[in-house]
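> Need coordinates for the following:
(2 chains)
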Amino acid sequence: MSAAMNPLSRDQLRALMGHVLAAQGKTLADDDAADLREIGFRSLDFSELALRVEDEIDAELNFEAAGLREIKTVGDVLDLLEEIQAS
Amino acid sequence: MSSSTGTPRGLHNEVVDAGTGTTTTWDALPTVRYPDPAVVLVDSSFEALPFVVAHSRTDGELLIVAGSRMEPALSAELIEAGFTIVHGGDRLEPPAQARRGGEPDRLWLLTSGSTGRPKRIGHTLETLTTVTTDQAPRRWLCPYSPGTYAWWQLVTLGLALPGQDLVVVDPADVEHWVEAGVTHEVSAASGTPTFWRQTIMQSGDRLRDVPLAQVTLGGEPVDQSIIDQLVELFPTARVSWIYASSELGASIVVHDGEAGFPIAWLDNPAPDRPSLSVDGDELVIASPHHGKGLGGPVRTGDRVVVEDGRVLITGRLDSDEINVGGAKVSAGQVRDVLQSHPDVAWASVRGRKAPMVGSMVVAQVVAATGADDAASLPVRLTQWCRERLPEYGVPRMIRVRDEIPTKETLKSDV
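Numbering: from 1, shown residues only, chains lettered A, B, ... in the order given. Below you'll find the predicted structure:
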């Protein structure tokens, strides 16, 4: 990502994640430790969230830079997106 | 129609320039001459018509194209191929080593170049004249860019058949065609689905005042919702759709008011008619109206699906199939679902690269005139799609645009 771009804050990422879930009739838990399976956050939701982040920061996210990892909780999603924006 | 096929029978038909109101007949158009071979650049559709008459009389090799389509690289390529380029009073001659005599009867068309540089397709007036039997008298609107296949279809109809008048409108002025249609009593009009959607949006009920007895669609996938809207606007008109291309000519013509064509038309060859088949999910056509060097079955690059006994053309193979996490989605089918919503005037659907699933379905729409609360349209469309498509086919992002984006070809510009 270009250094000129303004990355979204963790709160902004969380708000976007809540928006994606709300559009699917689901609710985002307040707790970062909340299990993604329990709140119904699936691969399509994650992909949509990533595209919405790209649109907000006007840059393509490079997921390869983050390497392979397990994403099980809300916090994992927010960590990953924060990290990729910074890379 | 040329010296090899006789004098055109429609020379006494009227031709009207919608921009200026000039009305004349083919045989009263100014006499022009052009070098052989020539590329003639025109700044209006009407300006091109005398060159068509000149070709029918002299057989000289000719390519007509709108000046706005010419680019330096294309110009250089045509000069190297031996053409003299004529634009008004200006002439650009080929270098001595490239000069050659013209090929008798040859007409060239440039493909739209959507996949890269424009390509020349060889035809003759005879191969461009699809309709050869007398028809009910009509006054046709010709809104296409001069020199395109669709333009030639209407021009050859007007030149070849008595009773087929032409009202030509330039693509740049096309948004004003409805008033010209009323003034000049246009009774038949041909355009892309995007053209018709734009016209309905911009003209509303005024469109009903054009006395259309024939409405024709082509150049893009034709969905049921646009056919239904046109049938509602013109209940006594025949609404037809045509599948045609520069390479294959007019190959499918459907008049029954339904999208797609009957499956019984596949693998059912008949003399002098195009032969239709499907290989995998690609439409394959062998056409008697094909361009030079394209005889036999030709892979069209267009994707089809069969539904309820109809073969539906959904879009280009290279862009229609969206792979969402291993599940295949037809962009054309999603587009048709969106366009079937009463508050949608136009929609475009594509795959967008996305993590985890490879691609996601995303859409752009334009709200219909008078649509309820455009701000809530994406939410309502998402629900509409959920009720009609599998989950992976539902667009996750829907952008509302203000206007239908169109190109000079009258096709959607996305």
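> Averaged pLDDT, the longest helix along chain B. What do you get?
In chain B, assigned by DSSP state H, the helix with the most residues is helix B:45-58. Averaging pLDDT along helix B:45-58 yields 97.
> From the chain's centroid, how far away is that helix?
21 Å (Cα atoms, centre = their mean, to the nearest Å).
> so does stretch B:333-346 get close to chain A?
No: Stretch B:333-346 lies out of reach of chain A by Cβ under 8 Å from any Cβ of the partner chain, never closer than 14.6 Å. Every C-beta, even on glycine, is put in place using the N, C-alpha and C of the backbone.
> model confidence over that stretch, on average?
Average pLDDT, stretch B:333-346: 95.
> go on, stretch B:161-176?
pLDDT averaged over stretch B:161-176 gives 92.
> Got phi/psi on A:Val77?
Per-residue torsions, A:Val77: phi -60, psi -50 (degrees, to the nearest 10).
> what pLDDT does it get?
So A:Val77 comes in at 95 (pLDDT).
> ditto for B:Ser245
Reading off the confidence values, B:Ser245 has pLDDT 84.
> what about B:Trp140, which SS state?
Look at B:Trp140: counting by DSSP: H, G, I helix; E, B strand; the rest coil, its state is strand.
> re the thing from before, now the element after the longest helix of chain B, going C-ward?
strand B:62-66 (DSSP states H and E).
> got the contact list for that next one?
B:34, B:37-43, B:48, B:51-52, B:55, B:78, B:83, B:106-110, B:120, B:145-147, B:171, B:408 (Cβ atoms under 8 Å, 6 or more residues apart in numbering or on different chains).
> go with 6 Å
Strand B:62-66 is contacted from outside by B:38-40, B:48, B:51, B:55, B:107-108, B:110, B:145-147, using Cβ atoms under 6 Å, 6 or more residues apart in numbering or on different chains.
> Quick check: neighbours of that strand in the sheet, parallel or antiparallel?
strand B:38-42 (parallel), strand B:107-110 (parallel) (DSSP bridges).
> right, and the secondary structure at B:Gln364 would be what?
strand.
> Count residues in the vicinity of it, would you?
Other residues within reach of B:Gln364, judged by other Cβ atoms under 10 Å in any protein chain shown, total 21.
> Please apply the same query to B:Ala244.
For B:Ala244, using other Cβ under 10 Å, the count is 20.
> Where does it sit: helix, strand or coil?
With three-state DSSP as the basis, the three-state label of B:Ala244 is strand.
> Return the distance of the closest residue to B:Gly296 other than its chain neighbours relative to A:Leu81.
Leaving aside its sequence neighbours, B:Gly296 sits nearest to B:Ala286 (Cβ to Cβ, 6 or more residues apart in numbering or on different chains; 5.7 Å). Note on B:Ala286: its distance to A:Leu81, by Cβ to Cβ, to the nearest Å, is 53 Å.
> cool, and B:Gln229?
Counting by Cβ to Cβ - B:Gln229 and A:Leu81 are separated by 43 Å.
> what's the answer for B:Asp318, then?
According to Cβ to Cβ, B:Asp318 stands 31 Å off from A:Leu81.
> When B:Ala286 and A:Leu81 are compared, which one has more neighbours?
Just comparing B:Ala286 and A:Leu81: by other Cβ under 10 Å the higher neighbour count belongs to A:Leu81, 25 against 18.
> is it true that that one touches A:Gln12?
No: if you go by Cβ atoms under 6 Å, A:Leu81 and A:Gln12 don't touch, sitting 9.9 Å apart.
> For the strand or helix carrying B:Val239, which helices and strands make contact with it?
According to DSSP H and E, B:Val239 maps onto strand B:238-245. With contacts defined as 3 or more Cβ pairs under 6 Å, 6 or more residues apart in numbering or on different chains; DSSP states H and E, strand B:238-245 has these neighbours: strand B:214-218, helix B:224-233, strand B:249-254.
> May I have the longest one as CSV, with CA atoms only?
Coordinates of each C-alpha in helix B:224-233 appear next as CSV, following Å, rounded to 0.1, in the frame of the first residue of the first chain:
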residue,chain,number,x,y,z
GLN,B,224,-36.6,-10.1,-20.8
SER,B,225,-37.2,-6.9,-18.8
ILE,B,226,-36.2,-4.5,-21.6
ILE,B,227,-38.4,-6.4,-24.1
ASP,B,228,-41.3,-6.2,-21.7
GLN,B,229,-40.8,-2.5,-21.2
LEU,B,230,-40.8,-1.9,-25.0
VAL,B,231,-43.9,-4.1,-25.5
GLU,B,232,-45.7,-2.1,-22.8
LEU,B,233,-44.7,1.2,-24.5
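> CA atoms only for the strand holding B:Val239, dumped as PDB, please.
The C-alpha trace of strand B:238-245 is given here as PDB (Å, rounded to 0.1, in the frame of the first residue of the first chain):
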ATOM      1  CA  ARG B 238     -43.300  -5.900 -33.400                       C
ATOM      2  CA  VAL B 239     -40.400  -6.100 -30.900                       C
ATOM      3  CA  SER B 240     -37.500  -8.100 -32.200                       C
ATOM      4  CA  TRP B 241     -34.000  -8.800 -31.200                       C
ATOM      5  CA  ILE B 242     -31.000  -9.600 -33.400                       C
ATOM      6  CA  TYR B 243     -27.700 -11.300 -32.800                       C
ATOM      7  CA  ALA B 244     -25.200  -9.900 -35.300                       C
ATOM      8  CA  SER B 245     -21.600  -9.200 -35.500                       C
END
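> can you list contacts of it?
Strand B:238-245 is contacted from outside by B:214-218, B:222, B:227, B:230-231, B:250-255, B:257, using Cβ under 6 Å, 6+ apart.
> biggest separation within those residues, which pair?
B:Val231 and B:Ser251 (23.5 Å; Cβ to Cβ).
> neighbour count winner among those two?
Using other Cβ under 10 Å as the criterion, B:Val231 and B:Ser251 rank with B:Ser251 on top: 24 against 15.
> In this structure that one contacts B:Ala286, no?
No: between B:Ser251 and B:Ala286 there is no contact under Cβ under 6 Å: 9.0 Å.
> rewinding a little: could you identify which of the helices and strands packed on strand B:238-245 is most buried?
Of all these, strand B:214-218 carries the top mean neighbour count, a mean of 22, counting by mean count of other Cβ atoms under 10 Å in any protein chain shown.
> Could you pull out the helices in the chain for me?
Picked chain A for this. A:10-23, A:36-39, A:43-57, A:74-86.
> not what I meant, chain B
With DSSP H as the criterion, chain B has helices spanning B:45-58, B:72-80, B:125-128, B:149-160, B:177-183, B:193-203, B:224-233, B:317-320, B:331-339, B:377-386.
> Other residues contacting the second one?
The list of residues contacting helix B:72-80 from outside it, by Cβ under 6 Å, 6+ apart, reads B:39, B:94, B:98.
> Report the angle between it and strand B:62-66.
Orientation check (axes from the mean of the first three to the mean of the last three Cα atoms, to 10 degrees): helix B:72-80 against strand B:62-66 gives 170 degrees.
> What is the burial count for B:Leu377?
Here the number of neighbours of B:Leu377 (other Cβ under 10 Å) works out to 21.
> who touches it in this structure?
B:367, B:400.
> gap between it and B:Asp43?
B:Leu377 sits 40 Å away from B:Asp43, going by Cβ to Cβ.
> try B:Gly19
Relative to B:Asp43, B:Gly19 is positioned 11 Å away (Cβ to Cβ).
> what does B:Thr20 give?
13 Å.
> Comparing those two, which residue is more hemmed in?
Ranked by neighbour count (other Cβ under 10 Å), B:Thr20 and B:Asp43 place B:Asp43 first, with 15 against 9.
> for that one, phi and psi?
Torsion angles at B:Asp43 (phi, psi; degrees, to the nearest 10) stand at phi -100, psi 0.
> you'd agree it is up against B:Met70?
No: using Cβ under 6 Å as the test, B:Asp43 is too far from B:Met70 to be in contact (11.1 Å).
> Many thanks, we can stop here.
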